[in-house]
Structure formats: C-alpha cells, structure tokens
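Asker: Predicted model and sequence below, questions to follow.
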Amino acid sequence: MPADQAAGLRRRNTRQPVRCIHCFFDAAASSTRLTHALHQLGQVSLLVDMRGRLFADSSTRSLFGWKQQLDRGHLNTLPQAYGDGWYAPGMRADAPNLHRAVQGYDCVVFDAGPIGSELAWLPGTLNSVIIEVHPTGDSMQRAYSLLKTLSHTGNSLSIGLLGDAATCDHVQAACCHFLEQSFAQVIYSVAHEDDAFAALAVRMADEETHRMTRCKQG
C-alpha cells in the first residue's frame with residue numbers, strides 16, 4: 001500500500017481539523033492495527049489508551065497523570081512504530097485542554113473499549129466511530145443500540161462496522177429499516193474486506209482528500 005507521507009503536512013497547511021476515531025473494539029490490539037494502517041498512509045496519529053489496556057506497563061514513565069499533563073499543556077507520549085501512544089485511562093474525549101494538545105496530529109485514535117463504553121466528542125474535530133460486531137452474545141443488539149443513540153446526536157459522523165460479515169449486514173439492515181435514511185446511509189461495513197483495518201484507513205484518507213479538494217475549490 002503506497003504511503004502518502006505528505007498527508008499530515010497538507011492537513012496542517014490547510015488548517016483542516018483533526019480527525020477523532022472512536023474505536024469500540026473488544027480487543028485493544030484492534031486499535032493498534034488501525035493506527036498501524038493509518039501510519040502506512042502517512043497519517044500522523046496519536047493512540048489514546050482510555051481503558052488502561054494498552055500502555056499500562058509504561059505508565060510509570062510519567063510523574064503526572066493525564067489530567068495534569070493536559071493542564072500543563074504537554075502530553076507524556078510513548079513513541080510507537082505507528083506514531084505516539086498515550087496512557088490516559090478514564091479520560092473522556094471532551095476533556096478540557098485536549099483539543100489544544102492534539103493539534104500536531106492528523107488522527108487521534110481513542111481505544112474506547114467494547115460496545116457500551118461512554119462516548120463523548122472532542123469539539124472542533126471530525127469524528128468517526130468504528131464498531132466491532134460479533135455473532136455471539138448480545139453484540140449485535142449493543143451495536144444497534146449505540147447506533148440508535150448516535151442517530152440522535154445531530155453530529156456529522158463517519159460510522160464503520162467490522163467483525164463478522166453476516167452480523168454487520170444484519171446491523172446495517174436494521175438501521176436502514178428502523179432509523180432515518182439520512183443516518184443509515186453514513187454507515188458502512190468493511191467486514192467483507194480481506195484487510196478491514198487497511199480498508200478503514202484508506203476510506204478515512206479518501207474522505208480527507210475530498211475535504212481538501214472542496215476547501216481549495218471554495
């Protein structure tokens with residue numbers, strides 16, 4: 001997959017807003033895989049460990065908790081092969097001073113945890129929600145419940161599904177049947193792709209390119 005190393009520079013030069021990606025994944029490794037895929041496309045990303053399941057072993061590197069880091073205006077990030085990681089268990093995406101702290105990134109990937117975790121928006125950013133759906137347990141019901149909640153937020157969102165292909169298809173069908181069509185149309189599935197995470201990253205990069213084109217035309 002060809003990398004576009006100039007993507008981040010173009011975003012910053014045109015003052016495009018940061019993209020926030022809220023990942024509702026059962027496994028934290030899925031958030032890491034998505035961030036790797038974004039890195040391959042030249043995106044400068046920050047992976048935020050909101051559940052303390054990614055960087056707990058490295059938390060002792062900082063003398064200050066995430067709240068103090070935001071107050072001080074300096075994040076104690078952990079260099080990773082795909083960008084930066086940040087240990088911030090219990091943080092909400094609308095935390096004070098967070099917007100200023102993440103301006104140097106193209107994407108902020110929030111490892112939000114399994115479906116049902118709390119969702120909040122970071123003002124002044126573009127928001128994407130990625131939901132992992134499985135055929136076992138009540139995964140499909142919880143996914144639909146989250147999507148129903150999102151349909152009432154009034155936010156402009158990009159919403160992706162991955163996991164079991166048939167289950168994702170059922171969730172999409174339920175949204176088309178029971179929710180507003182304008183909302184259902186923004187939901188897409190990458191469950192049928194050979195590499196779902198690469199497909200997600202490409203889609204987000206394409207959306208960024210389209211926004212930049214519109215900005216230049218305007």
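Answerer: Noted; the coordinates are in hand. Numbers count the residues shown, from 1 in each chain.
Asker: right, and the helix or strand after the worst-scoring helix or strand of the chain on mean pLDDT?
Answerer: Counting by mean pLDDT, DSSP states H and E, the chain has its least confident helix or strand at helix 7-13, which shows a mean of 55. Using DSSP states H and E, the helix or strand that follows helix 7-13 in sequence is strand 19-24.
Asker: what about that following strand, distance to the chain center?
Answerer: Centre-to-centre, strand 19-24 and its host chain are 2 Å apart (Cα atoms, centre = their mean, to the nearest Å).
Asker: What strands flank it, and is each parallel or antiparallel?
Answerer: strand 107-111 (parallel), strand 126-133 (parallel) (DSSP bridges).
Asker: for residue 102, what are its contacts?
Answerer: For residue 102, the contact set (Cβ atoms under 8 Å, 6 or more residues apart in numbering) comprises 18, 46, 108, 122. In this view, the C-beta of every residue, glycine as well, is placed from N, C-alpha and C.
Asker: Roughly how far does it sit from residue 165?
Answerer: 33 Å (Cβ to Cβ, to the nearest Å).
Asker: Residue 162 against residue 188, yeah?
Answerer: No. Between residue 162 and residue 188 there is no contact under Cβ atoms under 8 Å: 10.0 Å.
Asker: between those two, who's got more neighbours?
Answerer: Taking other Cβ atoms under 10 Å, residue 162 and residue 188 do not tie; residue 162 has more neighbours (23 against 16).
Asker: What backbone torsions are found at the nearest residue to that one once chain neighbours are set aside?
Answerer: Leaving aside its chain neighbours, residue 162 sits nearest to residue 196 (4.3 Å; criterion: Cβ to Cβ, 6 or more residues apart in numbering). Residue 196 has phi and psi values of phi -60, psi -40 when expressed as degrees, to the nearest 10.
Asker: Residue 163 now?
Answerer: Per degrees, to the nearest 10, the backbone of residue 163 is at phi 120, psi -130.
Asker: which residues touch it?
Answerer: Neighbouring residues of residue 163 by Cβ under 8 Å, 6+ apart: 132, 133, 134, 139, 191.
Asker: Can you give me the neighbour number for residue 86?
Answerer: Around residue 86 there are 22 residues (other Cβ under 10 Å).
Asker: who's in contact with it?
Answerer: Per Cβ under 8 Å, 6+ apart, neighbours of residue 86: 46, 47, 48, 49, 55, 66, 75, 76, 77, 78.
Asker: Distance of it relative to residue 170?
Answerer: For residue 86, the distance to residue 170 equals 35 Å [Cβ to Cβ].
Asker: can you check residue 157 too?
Answerer: From residue 157 over to residue 170 the distance is 21 Å, taken as Cβ to Cβ.
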